[in-house]
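**Student:** Provide a 3D model corresponding to the input given below.
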Amino acid sequence: MNTSTTTSPVQPALTAVKDLRTELKKRAGKEGGHLNRLVQQYLATIETTLLQIEPLSNMIHVLNRQTEVAVHGFRALAAMHTPTPVENGGDDGTSETKGL
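**Tutor:** Numbers count the residues shown, from 1 in each chain. This is a model prediction of the structure:
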């Protein structure tokens, strides 16, 4: 989980996208409107994708923790159940199909 004291690993990329957007706005009109709109769309796509990385990472972290808890629970249940050894190969002579 991210706290206010830690920096997101994608923050440098988000800053670069912001800087590119600023540079594009400074140069708007020099290269043509269609090109500027196209580059703005590309930058928006990149930024949107980068912004999804941290929430997905946090979700995967939570899923990993839940898996660890489940595995620990299953192991504890398995440790509680110790099968008793069966004498005579498990045949106590009470089977209704014996001898058929």
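**Student:** Need the three-state assignment for residue 96.
**Tutor:** coil (DSSP: H, G, I helix; E, B strand; the rest coil).
**Student:** how near is it to residue 33?
**Tutor:** Look at residue 96 and residue 33: by Cβ to Cβ, to the nearest Å, they are 88 Å apart. Placement of C-beta: from N, CA and C, glycine included.
**Student:** all helices of this protein, in order?
**Tutor:** 11-26, 33-80 (DSSP state H).
**Student:** Flag the shaky bits of the protein, pLDDT-wise.
**Tutor:** 1-5, 29-32, 83-95, 97-100 (pLDDT under 70).
**Student:** Return the distance of the residue nearest the centre of it relative to residue 74.
**Tutor:** Centre of the chain computed as the mean C-alpha position; nearest residue by Cα atoms, centre = their mean is residue 60, 2.4 Å away. From residue 60 over to residue 74 the distance is 21 Å, taken as Cβ to Cβ.
**Student:** Please identify the most buried of the helices of the chain.
**Tutor:** helix 11-26 (a mean of 13; mean count of other Cβ atoms under 10 Å).
**Student:** Mind exporting the C-alpha coordinates of that one to CSV?
**Tutor:** Provided in CSV are the C-alpha atoms of helix 11-26 (Å, rounded to 0.1, in the frame of the first residue of the first chain):
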residue,chain,number,x,y,z
GLN,A,11,5.5,8.9,-10.7
PRO,A,12,8.5,9.7,-12.9
ALA,A,13,6.6,8.5,-16.0
LEU,A,14,3.5,10.5,-15.0
THR,A,15,5.7,13.6,-14.5
ALA,A,16,7.3,13.0,-18.0
VAL,A,17,3.8,12.8,-19.5
LYS,A,18,2.9,16.1,-17.8
ASP,A,19,6.0,17.7,-19.1
LEU,A,20,5.4,16.5,-22.6
ARG,A,21,1.9,17.8,-22.5
THR,A,22,3.2,21.2,-21.3
GLU,A,23,5.8,21.3,-24.1
LEU,A,24,3.1,20.4,-26.6
LYS,A,25,0.9,23.2,-25.5
LYS,A,26,3.8,25.7,-25.8
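**Student:** what packs against that helix?
**Tutor:** Contacts defined by 3 or more Cβ pairs under 8 Å, 6 or more residues apart in numbering; DSSP states H and E place helix 11-26 against helix 33-80.
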